[in-house]
Every structure is written in structure tokens, then in C-alpha cells.
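# Let me see the structure of the following:
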Amino acid sequence: MTENVTIARPYADAAFELARGANALGPWSEALERLAAIVGNDDMATCIADPNLSPDQLVKLVLGVAGELTAVQQNFVRVLVDNDRLPVLPEIRDLFVLLKNGQEGVKAVQITSAFPLDDAALTALKADLEARFKARIEATVSLDPELIGGVRIAIGDEVIDASIRGKLADMAAALKN
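Predicted coordinates for the structure are as follows:
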């Protein structure tokens, strides 16, 4: 996986520069999302690995499924095919999103909750996080009943553990010392 990120980085950087230069970060993000989903499909992965498909046929196949892409985006797909880099499109998309979020001042946050969060609680939590980190927050919420109660928030490499399980672990560590 680390190798894929290393391979994907220059392509993500190039896509970002092309998108930024055209003031089209949103459309590029959407196009890369579609392309990554296409490449992630099992049937498409079989086609990508098929040595009987020529690069031109593979480009036509991907572009035919991808929907509307600009000429520059189509050329980007051709470059990926010519360099056998289609399989790293999900990593290219992920790195592109990180660059886009950095440009737009957005931080991606993973919120793990013991129980489902209602809209009001999520909105309040996002507002608190936006004030703390002085950035717009894009939150992904998941459930983990093992937290017992509360939430665990991961933003970048910082983790805020406000879960009951985390507090119990802190108390257990304090009692051992």
C-alpha cells in the first residue's frame, strides 16, 4: 500500500496542478472519484489486468464508462493507462483530496461514536471542531459500540478520545502508576 502511495503521488500532484490552474478543483475531484470507483470494480480490474486489451482499447473502455470528462482529464487517463498506473487511481484520488482540502482550508475528521449522532449533535460537534482547528470540517461518522459511550475524533494525526472506554483506560493507567 505504501508503494502505491509513492507511485500515485506525482500523478496526484500533476492532477492537482492541472485542476488548480484551470480553477476546477471540484470537477477534478468528482472525475477522480468516478474513475477510482470504476477502477475499484472487480470486472474492470480484470479488464485492466487482461494482456489481450491494448492500451487504446482500455482507454476507450474507461472513458466510455466514466461519463463526461474534459479533454485534459481524458489525457490524464491516457497517461495512466500508458504507464500502467490505472490500479493506483484510488490512491491518486485520496492524495488529490488531501491537496484540495489543504488548498481550501478543509480538514477531514473521522468521528467514531458509540451511538448514532443526531443532526443537532453533529452540527454542534463540527462547529466546536471548526472553532478549535480554525478550519472548515468535513466529517465522516462511524459507529463503534465498544466505545461504551461518547466519541473518538481523529483529525490528521491528532486523536481526541472522549469515549467512556478511553476514560476507563486512562483511569486504569493512572491506577497502575
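
# part of a helix, is residue 141?
No: with DSSP: H, G, I helix; E, B strand; the rest coil as the criterion, residue 141 is assigned strand and is not in a helix.

# and the residue found closest to it once you drop the neighbours it is linked to in the chain, bridged to which residues?
Nearest residue to residue 141, sequence neighbours excluded (CB to CB, 6 or more residues apart in numbering): residue 111, at 4.8 Å. (C-beta placed from N, C-alpha, C; glycine too.) Note on residue 111: beta-bridge partners residue 141, residue 153, judged by DSSP bridges.

# quick one, what contacts residue 111?
Residues near residue 111 by CB atoms under 8 Å, 6 or more residues apart in numbering: 117, 122, 125, 139, 140, 141, 142, 151, 152, 153.

# can you redo those as CSV with distance to residue 164, neighbour count and pLDDT?
Compiled in CSV, those are given as follows (distance: CB to CB, whole Å; neighbours: other CB atoms under 10 Å; pLDDT from 0 to 100):
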residue, distance to residue 164, neighbour count, pLDDT
117, 15, 17, 93
122, 19, 15, 94
125, 17, 20, 93
139, 21, 17, 92
140, 21, 10, 92
141, 18, 14, 94
142, 17, 9, 95
151, 10, 20, 93
152, 10, 19, 94
153, 15, 20, 94
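
# Just the closest of those to residue 47, please.
Sorting the contacts of residue 111 by how near they are to residue 47, with CB to CB, puts residue 140 at the top with 30.4 Å.

# In this structure the closest one contacts residue 110, no?
Yes: with contact defined as CB atoms under 8 Å, residue 140 reaches residue 110; the gap is 5.3 Å.

# so residue 121 sits in a strand?
No: the assignment for residue 121 (three-state DSSP) gives helix, which keeps it out of a strand.

# how many neighbours does it have?
For residue 121, the count of nearby residues is 13 (other CB atoms under 10 Å).

# if we can go back for a sec, can I get the contacts of residue 111 in JSON lines with distance to residue 18?
What follows is the contacts of residue 111, written out as JSON lines (distance: CB to CB, whole Å):
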{"residue": "117", "distance to residue 18": "37"}
{"residue": "122", "distance to residue 18": "34"}
{"residue": "125", "distance to residue 18": "35"}
{"residue": "139", "distance to residue 18": "28"}
{"residue": "140", "distance to residue 18": "27"}
{"residue": "141", "distance to residue 18": "32"}
{"residue": "142", "distance to residue 18": "33"}
{"residue": "151", "distance to residue 18": "38"}
{"residue": "152", "distance to residue 18": "37"}
{"residue": "153", "distance to residue 18": "33"}
